[in-house]
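> sequence and predicted structure below; questions after.
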Amino acid sequence: MDSKQIREAFLEFFASKSHQIVPSAPMVVKNDPTLMFTNAGMNQFKDIFLGNAPVKSPRIADTQKCLRVSGKHNDLEEVGHDTYHHTMFEMLGNWSFGDYFKKEAIDWAWELLVGKFNIPVDRLYATVFEGDAKDGVLLDSEALALWKKYLPESQILFGNKKDNFWEMGDSGPCGPCSEIHVDIRNDDERSAIPGRALVNESHPQVIEIWNLVFIQFNRKANGQLEELPAKHVDTGMGFERLCMVLQKKQSNYDTDVFQPVITELGFLAGKKYGEDEKSDIAMRVIADHIRAIAFAITDGQLPSNNKAGYVIRRILRRAVRYGYTFLGFRKPFMHQLINVLADQMGGAFPELNKQRDLVTKVIREEEDSFLRTLETGIRMLENIMGVARKKSQTEISGVVAFELYDTYGFPLDLTELILREESFTVNREEFEKAMEEQKNRSRNATQLETGDWIEIRPSLESEFVGYDALESELKICRYRKVKDKKGEYFQLVFDKTPFYAESGGQIGDTGWIEIEGVKLEIFDTVKENGLTVHLAKTLPADPSATFTGLVNTSKQLSTAGNHTATHLLYHALREVLGTHIEQKGSLVTPDSLRFDFSHFQKVSDEELEQVEKRVNELIRHNSARDERREMPMADAEKLGAIALFGEKYGDKVRVIKFGDSIELCGGIHVTATGEIGQFVIISEGSISAGVRRIEAISGEKAEAFLRHKMKTAKELTTLLNNPSDLKGAVEQLLQKVSALNSQMEAFKKEAASGLKKELLKQITNVNGINFLASKLPVDDAGIIKDLAFQLNGEVDNLFLVFAAEIEGKASVHVMIADNLVRERGLHAGNIIRELAKLVDGGGGGQPFYASAGGKNPNGIPGLLEKAKEMISE
RNA sequence: GGGGGAUUAGCUCAGUUGGCUAGAGCGUUUGACUGGCAGUCAAAAGGUCAUCGGUUCGAUUCCGAUAUUCUCCA
């Protein structure tokens, strides 16, 4: 079976057991502060497990794109070195939400693996939770009994809390799990050492393939477990591993999931996979990472310099690093693999095919930029080695290596590699120490304490009523205190709320909750795991009372205007530039809007003008908002509604339509486009390869902006005596200024040359030196400097002192011919320090030229005298 | 969120006890050589040294803030 058939077989099997098959959620997670990427199949159902969302379908199965870069079983730096760990992988899973439990989960797992996939029974092992005294949980005898139906006891193992008890976090739903392991070693090895001894021992050929989690408890913040009323099943089977087992390979990378990319890579590098351990590792690293990067980008996460985007950038750089070191690539190469990848996986994940060009471009750009970073690092390393050589050291300080890594992003392994070639070593201990310090600093800075939720009344979902009202009666269901470095605040959850939580680029509402004339400020509203959480500095006196929630209407109105304007902008962009425009990001605040979209060139001024004009036209059409809150996804698609890549949508979606602009959107909008009033584009630019950003304003802000512009223009017109052609008048003015300037330059030059002639006459011979000391009638230090340099070029053996009064202060300059500096040991800097005392000032400079200033211009005559005395000695 | 860097010509970057009339390479323009192109040589243009404030006689350089950006950690 090839990988496509395996994926299909899994989904078909569970469909036949009345499971609803759902698409994979995006790999990039939104609305969950604890998670950046989907790292397990259950992530998209977290809301349901937490009880924040209702069960839509009791039985579900899917294949889920997951990304793991850190965690207890996974370290980015290890991926590629073995044959079965990955950054991105597919997790096949089946779920029961309060429906079937252990019996069906185990029976079906068996039916599929043994009955359908024909995995030999003697190669399978199951683990069962042994119980934990501290938690007061007994051995999972139910699971044990079920396994005994299929497996001899010699193939059933008991696992402790670490291996066989699954928890989502410090608190929340949890329960025992049962893992299925498979032994794919050859018969000789199997008879030498029983597979039983190798289960959970990180053996590459005795591996866990499927984990069946039985969620039956809820762990409270105090650590206690309570039995859940509705029990769930959550399973996950690593797709790549399954393919390895079924295709009878010894490595995930030997399956048809990775081989096409590896073959292409070998072609590009001129190497064959399987001939050299080091280049094999590099090829595995790249084959793995290219998938992670490509899917992250299609899910809307571009590489960037922080958060999730930075994780993607680091994965890409790791791959480039391996290609650079072990495959000899010196030019971008990763982007050339996208075509093969898209051909192979675009069927199951169409988003990859659709965005092939963008992915290629973005990766190429990133590769270029990292190769530049490497160049800079290599240059710096060469300097460092040069210094070390001079001091005849052979060890480079770990602090220096750490600086290279920490500040310039130059990886330690490359540092060591390059140093080794030149017979240097690096002090690793110092490096580790510096790293440890950095980690401690970060940890201390991110202390965040969250208290237990205090429940006032039970609630399943907090109902959002803000589409219809900006004011509503509400009750607090639960609250908790959160403490971070800056202070503490409270998170409140209401039974229903008119406050819009930050989502889809639109920032959260602010406002108040009021009781008997007392107002409590809500300073932000956010979404956490599908729950709308309101932030307040303090708690009300009686949290159990009924309040009136009041949204800050003026702010929200501006926000709504900007949000609708964003839709119109998107629409206009597609009209003017073409339908290849895809939204890549959006920020809607009361003050402005920001819209990122895919487009491969700069948007020209003409196009920008056209877009702006079109949006204002759409505003004047005054199209009324046509809102459908519960439209089935299929109908929305038929309507031609625009959806976002990387956004998770339910079966029922909200559709917002203004004229021909139709989008899936949960945000707040004006009732008709006319309310926006006005739309002005402020800037257009690039934020990454193939992605442009437009910033714009609307409504009152736009009006104020234009008024200000007009006022400026009007003031200019007045200043220029009301010319009929303002631009022409300014041009004329500029011309005049530049003509005057050059004239003035000429005059100045003439004056200076007159002055110069005069000064030349004043030169006297003192002690064989051509001496000149003069107070100049000049008010620009630059001219004095100029004169000094000119005279120095024309007169030999020159020693000159110039002084002038500029804006009530003294300015003094000393110039000494080079030969005098050399022969007589004169130093202008030292001399001027002496002289400057006479004008209550100080100064300095180089041996041949120095300048000084002083507060007392009356000292100038004395200063000039003193200069002569100094030279006469 | 915390730490460390960077911001100098169109681009890539130099520029240390604070004072060198701020430089290099590439690119651009012009000229010369050449039948033409490529090329070589010569010359020129191009800088609010990110912004604002402070220290100082004097700041690209030191200090502080802001913006942008890179990088590491969480």
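That came in fine, so what should we check first?
> going forward, measure contacts and count neighbours with C-alpha atoms only.
Noted.
> quick one: residues in contact with stretch A:378-390.
A:T394, A:E395, A:I396, A:T415, A:L419 (C-alpha atoms under 8 Å, 6 or more residues apart in numbering).
> enumerate every residue touching the closest residue to the first one other than its chain neighbours.
Spelled out, it's A:T394. Counting by C-alpha to C-alpha, 6 or more residues apart in numbering, A:T394 lies nearest to A:F424, which is 4.9 Å off, once chain neighbours are set aside. Counting by C-alpha under 8 Å, 6+ apart, A:F424 makes contact with A:T394, A:E395, A:I396.
> compare these and tell me which is most surrounded.
A:I396 (20 neighbours; other C-alpha atoms under 10 Å).
> right, and it touches A:E429 too?
No. With contacts defined as C-alpha atoms under 8 Å, A:I396 does not count as touching A:E429, sitting 11.5 Å away.
> distance check, A:V518 against RNA strand B.
31 Å (C-alpha to the nearest atom of the strand, to the nearest Å).
> count the residues that sit near that residue.
By the measure other C-alpha under 10 Å, the count of residues near A:V518 is 11.
> go on, the one 3 residues further on?
As a burial measure, A:E521 scores 18 neighbours (other C-alpha under 10 Å).
> now do the same contact list for A:K481.
A:T450, A:G451, A:D452, A:E488, A:Y489, A:F490, A:Q491.
> buried stuff in the host helix or strand of A:V680?
Assigned by DSSP states H and E, A:V680 falls within strand A:679-688. Within strand A:679-688, the residues that count as buried by 16 or more other C-alpha atoms under 10 Å are A:F679, A:V680, A:I681, A:E684, A:S686, A:S688.
> ok, so of these, who is nearest A:R190?
A:S688 (52.8 Å; C-alpha to C-alpha).
> break chain A into its domains for me.
Following automatic domain parsing, one finds the domains of chain A at A:3-257, A:261-379, A:391-446, A:449-551, A:556-707, A:763-872.
> got these as JSON lines, with mean pLDDT columns?
Converted to JSON lines, these look like this (pLDDT from 0 to 100):
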{"stretch": "domain A:3-257", "mean pLDDT": "91"}
{"stretch": "domain A:261-379", "mean pLDDT": "89"}
{"stretch": "domain A:391-446", "mean pLDDT": "86"}
{"stretch": "domain A:449-551", "mean pLDDT": "87"}
{"stretch": "domain A:556-707", "mean pLDDT": "87"}
{"stretch": "domain A:763-872", "mean pLDDT": "82"}
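> next, format the ones you listed as CSV and append distance to A:E715.
CSV is the format used below for the domains of chain A (distance: least, C-alpha to C-alpha, whole Å):
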stretch, distance to A:E715
domain A:3-257, 49
domain A:261-379, 43
domain A:391-446, 49
domain A:449-551, 38
domain A:556-707, 12
domain A:763-872, 32
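> ok, A:K736 - contacts?
Neighbours of A:K736 in contact, by C-alpha under 8 Å, 6+ apart: none.
> tell me which helix or strand it sits in.
helix A:726-762.
> can you list the strands that the very next helix or strand once past that helix pairs with?
Downstream of helix A:726-762, the first helix or strand assigned by DSSP H and E is strand A:764-766. Within its sheet, strand A:764-766 is paired with strand A:769-775 (antiparallel), according to DSSP bridges.
> could you export the strand it pairs with as PDB, CA atoms only?
This file holds the C-alpha atoms of strand A:769-775, laid out as PDB (Å, rounded to 0.1, in the frame of the first residue of the first chain):
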ATOM      1  CA  ILE A 769      57.900  79.100  10.900                       C
ATOM      2  CA  ASN A 770      55.300  80.800   8.700                       C
ATOM      3  CA  PHE A 771      53.100  82.100  11.500                       C
ATOM      4  CA  LEU A 772      49.600  83.500  11.100                       C
ATOM      5  CA  ALA A 773      47.300  84.500  13.900                       C
ATOM      6  CA  SER A 774      44.100  86.300  13.100                       C
ATOM      7  CA  LYS A 775      40.600  87.100  14.200                       C
END
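> any idea what A:N770 is bridged to?
Bridge pairing for A:N770 - DSSP bridges - gives A:N765, A:L798.
> check whether it really touches A:L798, as I assumed.
Yes. With contact defined as C-alpha under 8 Å, A:N770 reaches A:L798; the gap is 4.8 Å.
> between these two, point out the one with more neighbours.
Taking other C-alpha under 10 Å, A:N770 and A:L798 do not tie; A:L798 has more neighbours (25 against 19).
> now do the same contact list for that one.
Contacts of A:L798 (C-alpha under 8 Å, 6+ apart): A:I769, A:N770, A:F771, A:L772, A:N792, A:M815, A:I816, A:A817, A:L820.
> mind listing the helices for the stretch 351-500 of chain A?
Using DSSP state H, counting those that start in this stretch, the helices of the stretch 351-500 of chain A run over A:356-390, A:398-408, A:412-421, A:428-445.
> same list, the ones you listed, but as CSV with distance to A:L268 and mean neighbour count please.
Output for those, formatted as CSV (distance: least, C-alpha to C-alpha, whole Å; neighbours: other C-alpha atoms under 10 Å):
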stretch, distance to A:L268, mean neighbour count
helix A:356-390, 15, 17
helix A:398-408, 29, 18
helix A:412-421, 22, 16
helix A:428-445, 35, 13
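> pipe those helices into TSV and attach distance to A:D99 per row.
Output for the helices of the stretch 351-500 of chain A, formatted as TSV (distance: least, C-alpha to C-alpha, whole Å):
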stretch	distance to A:D99
helix A:356-390	41
helix A:398-408	51
helix A:412-421	51
helix A:428-445	42
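> quick one: A:K249 is in a strand?
No. Looking at A:K249 with DSSP: H, G, I helix; E, B strand; the rest coil, it is coil, so not inside a strand.
> before we move on, back to that, want to throw the contacts of A:L798 into JSON lines with distance to RNA strand B?
Output for the contacts of A:L798, formatted as JSON lines (distance: C-alpha to the nearest atom of the strand, whole Å):
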{"residue": "A:I769", "distance to RNA strand B": "21"}
{"residue": "A:N770", "distance to RNA strand B": "19"}
{"residue": "A:F771", "distance to RNA strand B": "19"}
{"residue": "A:L772", "distance to RNA strand B": "17"}
{"residue": "A:N792", "distance to RNA strand B": "9"}
{"residue": "A:M815", "distance to RNA strand B": "9"}
{"residue": "A:I816", "distance to RNA strand B": "12"}
{"residue": "A:A817", "distance to RNA strand B": "12"}
{"residue": "A:L820", "distance to RNA strand B": "17"}
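> how about those, which pair is most distant?
So, those by C-alpha to C-alpha: farthest apart are A:L772 and A:L820, at 14.3 Å.
> coming back round to it: export the strand holding A:V680 to PDB, keeping only CA atoms.
Output of strand A:679-688 as PDB, limited to C-alpha atoms (Å, rounded to 0.1, in the frame of the first residue of the first chain):
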ATOM      1  CA  PHE A 679     -11.000  55.800   3.100                       C
ATOM      2  CA  VAL A 680      -7.400  56.900   2.700                       C
ATOM      3  CA  ILE A 681      -4.400  54.700   2.100                       C
ATOM      4  CA  ILE A 682      -1.400  55.800   4.200                       C
ATOM      5  CA  SER A 683       1.300  53.500   3.000                       C
ATOM      6  CA  GLU A 684       2.200  50.400   1.000                       C
ATOM      7  CA  GLY A 685       5.200  48.300   1.400                       C
ATOM      8  CA  SER A 686       6.700  44.800   1.600                       C
ATOM      9  CA  ILE A 687       6.900  42.700   4.700                       C
ATOM     10  CA  SER A 688       8.300  39.600   3.300                       C
END
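> give me the contacts around it.
Under the contact criterion C-alpha under 8 Å, 6+ apart, strand A:679-688 has outside partners A:362, A:565, A:602-603, A:608, A:612, A:615-616, A:692-699, A:702.
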